[in-house]
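Student: please find the sequence and the predicted model below.
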2 protein chains.
Amino acid sequence: MASSPQNLPYKLYYWPFLQGRGEFVRLILEEANAPYIDVARLPADEGGGKDAVMAFYNWQTQGTPVLAPPVLQTGDQVLSQTASICRFLAERHGLAPDDELERATALSLQLSIADVVAEVHDTHHPLSVRLFYEDQKEAAKERAGHFLKQRLPRFLAYFEAVLERNGDHHLVGQALSYPDLSLFHLIEGLQYAFPNAMSDLRGQCTRVLALATAIKARPRIDAYLRSPRRLPFNLDGIFRHYPELDLVP
Amino acid sequence: MASSPQNLPYKLYYWPFLQGRGEFVRLILEEANAPYIDVARLPADEGGGKDAVMAFYNWQTQGTPVLAPPVLQTGDQVLSQTASICRFLAERHGLAPDDELERATALSLQLSIADVVAEVHDTHHPLSVRLFYEDQKEAAKERAGHFLKQRLPRFLAYFEAVLERNGDHHLVGQALSYPDLSLFHLIEGLQYAFPNAMSDLRGQCTRVLALATAIKARPRIDAYLRSPRRLPFNLDGIFRHYPELDLVP
């Protein structure tokens, strides 16, 4: 992408009716103040709608075929996989450390966040992405119970330990980087999906919650969250609030 | 890690009794002919054994805390997350493209392979990593069925499409890179775990199978696979052969 025209806006392709993994990319574009078009949110007669995303599923699009959205396009070059897109954008737009090891560590942290996101997804889809939630509800209850009682406390304690080791305010280095932005969204999503479980754990991840609060107050993030560009949480995304999957208060 | 001593062997920390995600790292180290110590496979009185891996679980080790193994250590610097370790080693040892976009694409492909690996893992552990397989066997049968009938054909077709687009022999660029090595291991693992399903699909992924065959014949990979450094597939790893989860021949 280095050779692509720098003055063109990025094109982001992601489902227009949910935040999903696209949201991690959007937060970087917004914080970087990078011009972008959220293509599928355009009207269909301007090339938008879900067909704009579906086009990547036939592997006839330009560039390396894409397994799944989100997709970032610059000129005629495309890049897929959330963490790879985030790394690419962040290193280009000053939202990643400069040091080689810290850059590698930022990617590792992003991948750890992605691991948690994948487990959150599977709390409501433990058996198949092709089945409706309603058709795997019992397995979902079991998986969500294990997630909330065993996995989530450890995941939050992990990011708390990383912050503590690094001086409390950022996951890596001494400035904002893309895993910080992604951790903010993870926490927002968890609070939406599992308010009771997150309330129980709030005393055990004070640094994580403080970081999320600080990110939310950043001027560009705040403006984005209040804008129509931000889709609300809903029951189509990764983070879903099914009360029956949360802990009993 | 750039500043760490170049003449020290890498230290890899991973469970000593299974290939797991550590195998993707081992294959890069072997193909790169990079000196490394597979620490946990040393005798306990030389610092080996599973305790060498468990030490990372208390977050008191040096450097950024680690969520899960594998861990790569150089000097006093540590890096976790399989894809991040693979990217780091491969870019350093000539097993990644030089071009910026191709490097980003290599990482994306590695992450797509990791997505498949995660789904393979969940075929035998759909409800919780804390439960034994035997205690989630019915859910495992359901998840494995969906995986083998819907997901696996698409995943293999995807990598086939990538190879076709790129001239058949490599996933990205015109030389061997780390996603090629990882795709080889994915295919080996799938053939071990699901021989019937893979046999059914062999006509639909000829380029993928040819790449796997070519990787297996590379001198350093061949020597590694025949060496005691290579752990066999078994029922503790990610790829497990439970005949009841495979398709009926």
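Tutor: Good, I have the coordinates.

Student: every contact and neighbour count from this point should use C-alpha atoms.
Tutor: Noted.

Student: how about residue A:189: what's its closest non-neighbour residue?
Tutor: residue A:239 (5.3 Å; C-alpha to C-alpha, 6 or more residues apart in numbering or on different chains).

Student: correction: residue A:187
Tutor: Residue A:187's closest residue in space is residue A:212 (C-alpha to C-alpha, 6+ apart), at 6.9 Å.

Student: quick check: which element contains the one you found?
Tutor: helix A:206-216 (DSSP states H and E).

Student: on that earlier part again, so what's the residue count around the residue nearest to residue A:187?
Tutor: 21 (other C-alpha atoms under 10 Å in any protein chain shown).

Student: just the one 5 residues further on next, same as before
Tutor: When neighbours are counted by other C-alpha under 10 Å, residue A:217 registers 13.

Student: and it, what are its phi and psi?
Tutor: Residue A:217 adopts backbone torsions of phi -90, psi -10, taken as degrees, to the nearest 10.

Student: per-residue pLDDT, it?
Tutor: On the pLDDT scale, residue A:217 is placed at 98.

Student: repeat that for residue A:4.
Tutor: 42.

Student: re the thing from before, what pLDDT does the residue nearest to residue A:187 get?
Tutor: Confidence for residue A:212, expressed as pLDDT, is 98.

Student: ok, it to residue A:160 distance?
Tutor: Separation of residue A:212 from residue A:160 (C-alpha to C-alpha, to the nearest Å): 12 Å.

Student: now do residue A:132
Tutor: Counting by C-alpha to C-alpha, the gap from residue A:132 to residue A:160 is 34 Å.

Student: likewise residue A:248?
Tutor: Distance from residue A:248 to residue A:160, by C-alpha to C-alpha: 24 Å.

Student: looking only at neighbour counts, state which of the two leads.
Tutor: Between residue A:248 and residue A:160, residue A:160 has the larger neighbour count (other C-alpha under 10 Å), namely 21 against 9.

Student: that one and residue A:201 touch, don't they?
Tutor: No: counting by C-alpha atoms under 8 Å, residue A:201 is not a contact partner of residue A:160; they are 11.7 Å apart.

Student: tell me how chain A divides into domains.
Tutor: A:10-92, A:100-245 (automatic domain parsing).

Student: off-centre distance for the longest one?
Tutor: Okay, so that is domain A:100-245. Domain A:100-245 has its C-alpha centroid displaced from the chain centroid by 8 Å (C-alpha atoms, centre = their mean, to the nearest Å).

Student: same check on the shortest one?
Tutor: Centroid displacement of domain A:10-92 relative to its chain, using C-alpha atoms, centre = their mean, is 13 Å.

Student: now do the end-to-end distance for that domain.
Tutor: First residue to last in domain A:10-92 (C-alpha to C-alpha) measures 13 Å.

Student: repeat that for the last one.
Tutor: Taking C-alpha to C-alpha, the first and last residues of domain A:100-245 lie 41 Å apart.

Student: got it, and stretch A:228-236?
Tutor: End to end - C-alpha to C-alpha - stretch A:228-236 spans 18 Å.

Student: show me the contact partners of it.
Tutor: For stretch A:228-236, the surrounding residues in contact (C-alpha atoms under 8 Å, 6 or more residues apart in numbering or on different chains) are A:17-19, A:189, A:192, A:224, A:239-241.
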